[in-house]
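K.L.:
all I have is the shape, not the residue letters:
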């Protein structure tokens, strides 16, 4: 159980293109999903917290107009990198938190999306 | 906000030896501490977690200990095997609904046979 599907796994596109990444919880409802960015040989850096039915909460330094997040249902969150440039190239990973109840719950990660902007 | 420090950044052991990775956290309100294993190019996988009302948890060759007073927690892997080679991340989270994980910088574990 607790499977998170992320799509696409790999994107190569030209500078200026907008790219949408989907994150789905397949066998559980996720009121909260998270988006992380990971550079090579570095840790996961939280970009934003995505809450179903409300606006995402962005971490300091993350441009909300650059990284658009939509969490329209209990099983789907999307991250759109708008007008992507080479510096946006990175590994983007989503995670989903089980359950609605407050408190600590395990988070399960998607497979990640490797984004390369030419 | 929460800050998580992880040491060492790299760890090399011989097959069969034990490996220990240590993390410290800054926010005494944190109450959940998972450990993730990440192989190159793959997703982080939860290998063990511990809550603040428990001091130690064990799952076969893997154990985690938590010292709330000192605000540190450790991962112990016994009888290491080459397939244990990966990057290990500790994390901490605050006891509020929807709070994200704050990760340590990771430890690259290499187990040589």
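P.N.:
In hand now; what should we look at? Just so it is clear, the model here is predicted, and its values are computed rather than measured.
K.L.:
for chain B, what lies in contact range of chain A?
P.N.:
Contact residues, chain B versus chain A (CB under 8 Å from any CB of the partner chain): B:31-32, B:34, B:36, B:41-46, B:49, B:51, B:89, B:93, B:95-106. (Glycine included, C-beta is placed from N, CA and C.)
K.L.:
write a ChimeraX command that selects only the buried members of those.
P.N.:
Of the residues of chain B next to chain A, the buried ones go into a single ChimeraX selection, burial set by 16 or more other CB atoms under 10 Å in any protein chain shown:
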select /B:31,32,34,36,43,44,46,49,89,93,97,98,99,100,101,102,103,104,105,106
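K.L.:
residues in contact with residue B:28?
P.N.:
B:68, B:71 (CB atoms under 8 Å, 6 or more residues apart in numbering or on different chains).
K.L.:
among the residues of chain B next to chain A, which lie within strands?
P.N.:
Mapping the residues of chain B next to chain A onto strands (DSSP state E) picks out B:32, B:34, B:36, B:45-46, B:49, B:51, B:89, B:102-103.
K.L.:
and of the residues you listed, the nearest to chain A?
P.N.:
Nearest to chain A out of these is residue B:32 (CB to the nearest CB; 3.0 Å).
K.L.:
what lines up beside the helix or strand of chain B with the lowest mean pLDDT in the sheet?
P.N.:
The helix or strand of chain B with the poorest confidence is strand B:102-103; it has a mean of 91 (mean pLDDT, DSSP states H and E). Strand B:102-103 has its sheet partners listed here by DSSP bridges as strand B:86-92 (antiparallel).
K.L.:
distance from the chain centre to the partner strand, please.
P.N.:
5 Å (CA atoms, centre = their mean, to the nearest Å).
K.L.:
what angle separates it from strand B:45-51?
P.N.:
Angle between the axes of strand B:86-92 and strand B:45-51 is 30 degrees (criterion: axes from the mean of the first three to the mean of the last three CA atoms, to 10 degrees).
K.L.:
hang on, the earlier thing: farthest-apart pair in the ones in strands among the residues of chain B next to chain A, please.
P.N.:
B:45 and B:51 (19.1 Å; CB to CB).
K.L.:
the residue lying closest to residue A:51 once chain neighbours are set aside and residue A:59, how far apart?
P.N.:
Excluding the flanking residues, the one nearest residue A:51 by CB to CB, 6 or more residues apart in numbering or on different chains is residue A:32, at 5.7 Å. For residue A:32, the distance to residue A:59 (CB to CB, to the nearest Å) stands at 15 Å.
K.L.:
between those two, which one's more packed in?
P.N.:
Neighbour count, other CB atoms under 10 Å in any protein chain shown: between residue A:32 and residue A:59, residue A:32 has more, with 23 against 15.
K.L.:
quick one: residue B:62 and residue B:76 touch, right?
P.N.:
Yes: using CB atoms under 8 Å, residue B:62 makes contact with residue B:76 at a distance of 7.1 Å.
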